[in-house]
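Visitor: Kindly generate the corresponding structure for this input.
(chains A and B)
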Amino acid sequence: EVQLVESGGGLVQPGGSLRLFCAASGFIFGEHYMDWIRQAPGKGLEWVGRIRNKPSGYSTEYAASVKNRFTISRDDSKNSIYLQMNSLRTEDTALYYCARSSTGWSNWFDPWGQGTLVTVSS
Amino acid sequence: DIQMTQSPSAMSASVGDRVTITCRASQGISNYLTWFQQKPGEAPKRLLYAASTLQSGVPSRFSGSGSGTEFTLTISSLQPEDFATYYCLQHNSYPPTFGQGTKVEIK
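Guide: Take a look at the predicted model:
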């Protein structure tokens, strides 16, 4: 069974940092791109960023709202991806999901993990 | 960025009703359109991709159509477990963008 499990969320002050984790199982991790998507409380979905796989150079893409503050990395030996979040703002408060995507353009965001909650507040 | 506009934002419907949700893209996205269902307290679940391809395990009462800028999600006969929020997603170009969601509530 394909499974994604996020962790690392918590309460952090504005300007602080936090690192989120996503552990994957049940599929060949190295064949897939991985994404982070977030959802502010009571709001809609916002894509955060993507990390491609080794054949694609582990390249990354980011939403403008997080570029230069957030960094996505992966460790294929641990079937995991990470989201390093720096210079956090109150508007970054959200439930953060990781999701699997294929390497093509047709097959995105399936499945999703259960999410980990990040609260940025003083 | 490509803007995705869903309509309606919310609706009330009864079990057995035919429900149609529309998603419009601010520019052409071919068929790079995916539909998700989200129930309260749960992660989104993919229903259809490539505008009209049903995800494995999803009931056949769900269907999708469209190409270019206009897309629809249809539930042919609404079931109690279908009351949820539905989102469309365009992934024709970066950044991928979601519609604002359509909440389907019980009438």
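
Visitor: rest of the way, CA atoms for contacts and neighbours
Guide: Noted.

Visitor: Those residues of chain A touching chain B, which are they?
Guide: A:44-47, A:62-63, A:97, A:105-115 (CA under 8 Å from any CA of the partner chain).

Visitor: Now intersect the residues you listed with the helices, please.
Guide: Using DSSP state H, no member of the residues of chain A next to chain B falls within helices.

Visitor: Just the buried ones from the residues you listed, in PyMOL syntax?
Guide: With 16 or more other CA atoms under 10 Å in any protein chain shown as the criterion, this PyMOL line picks the buried residues out of the residues of chain A next to chain B:
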select buried, chain A and resi 45+46+47+62+63+97+106+107+108+109+110+111+112+113+114+115
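
Visitor: Strands - which of the residues of chain A next to chain B land there?
Guide: Judged by DSSP state E, these include A:45, A:46, A:47, A:62, A:97 as members of strands.

Visitor: was I right about the second one contacting residue A:35?
Guide: By that I understand residue A:46. No - the criterion here is CA atoms under 8 Å, and residue A:46 misses it with residue A:35 at 11.1 Å.

Visitor: For the closest residue to residue A:27 other than its chain neighbours, give its distance to residue A:54.
Guide: Computed as CA to CA, 6 or more residues apart in numbering or on different chains, the closest residue to residue A:27 that is not its neighbour in sequence is residue A:2, at 6.0 Å. Distance of residue A:2 to residue A:54, computed by CA to CA, to the nearest Å: 20 Å.

Visitor: Secondary structure element holding residue A:118?
Guide: Following DSSP states H and E, one finds residue A:118 within strand A:116-120.

Visitor: so what secondary structure elements neighbour that strand?
Guide: Secondary-structure packing of strand A:116-120 (3 or more CA pairs under 8 Å, 6 or more residues apart in numbering or on different chains; DSSP states H and E): strand A:10-12, strand A:94-101.

Visitor: my guess is residue B:88 is in a strand, correct?
Guide: Yes - applying DSSP: H, G, I helix; E, B strand; the rest coil, one finds residue B:88 inside a strand.

Visitor: Quick check: it touching residue B:96?
Guide: No - using CA under 8 Å, residue B:88 makes no contact with residue B:96, being 10.5 Å away.
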